[in-house]
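Participant: any chance you can model this:
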Amino acid sequence: MATLVTYFSAEGNTAKLAKEFAARIGADVFEIVPKEPYTKADINYLNPVSRCNREQIGGKDVPVEGKIEKFDKYDTVYIGFPIWYGQAPRVVHTFAKGYDWTGKTVHAFATSGGSGIGKTAEKLSPSLKNAVSVDAKIVHNQSEL
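Facilitator: Numbers count the residues shown, from 1 in each chain. This next block holds a predicted model:
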């Protein structure tokens, strides 16, 4: 079986961390890309009507580009993202709903400018149906993974 590091990165921080970590452990990498890219204004969480806030509060699905080929070959999957409202961005939930997680161990890791991990694993689990286990933690550098 194999390991996959997948990630969504709004500003490049999570991408850098995920790629460095994947290289260190010899894992495959997949970037979660929204069909409609986020602009700087879209991710301004201080604006109550910004796209990221509307998506998070509304629990909306966010269409994703691309698909992981032969997803069944992975037994361990790391999912990285910036923490939004104490959980994964909605684009990560939409991505997760597109796969069969049966038998997989999932390690979520979040980058943050100051927020804690909250109940991220608990909130992400319903989108990772049948995963063996799901855990989550805040990381600041790849050695924390």
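Participant: what helix or strand is residue 124 located in?
Facilitator: Under the assignment given by DSSP states H and E, the secondary-structure element containing residue 124 is helix 120-124.
Participant: for residue 108, same thing?
Facilitator: For residue 108, the element it lies in under DSSP H and E is strand 105-111.
Participant: what packs against that strand?
Facilitator: Contacts defined by 3 or more CB pairs under 8 Å, 6 or more residues apart in numbering; DSSP states H and E place strand 105-111 against helix 13-25, strand 74-82, helix 120-124, strand 133-138. C-beta here means a position set from N, CA and C on the backbone, and glycine is covered the same way.
Participant: can you add distance to residue 45 and give those back as TSV?
Facilitator: Written out in TSV, the entries for the helices and strands packed on strand 105-111 read as follows (distance: least, CB to CB, whole Å):
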stretch	distance to residue 45
helix 13-25	15
strand 74-82	10
helix 120-124	16
strand 133-138	16
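Participant: out of these, nearest to residue 145?
Facilitator: helix 13-25 (4.9 Å; CB to CB).
Participant: now the element after that closest one, going C-ward?
Facilitator: Towards the C-terminus, the helix or strand next in line after helix 13-25, according to DSSP H and E, is strand 28-31.
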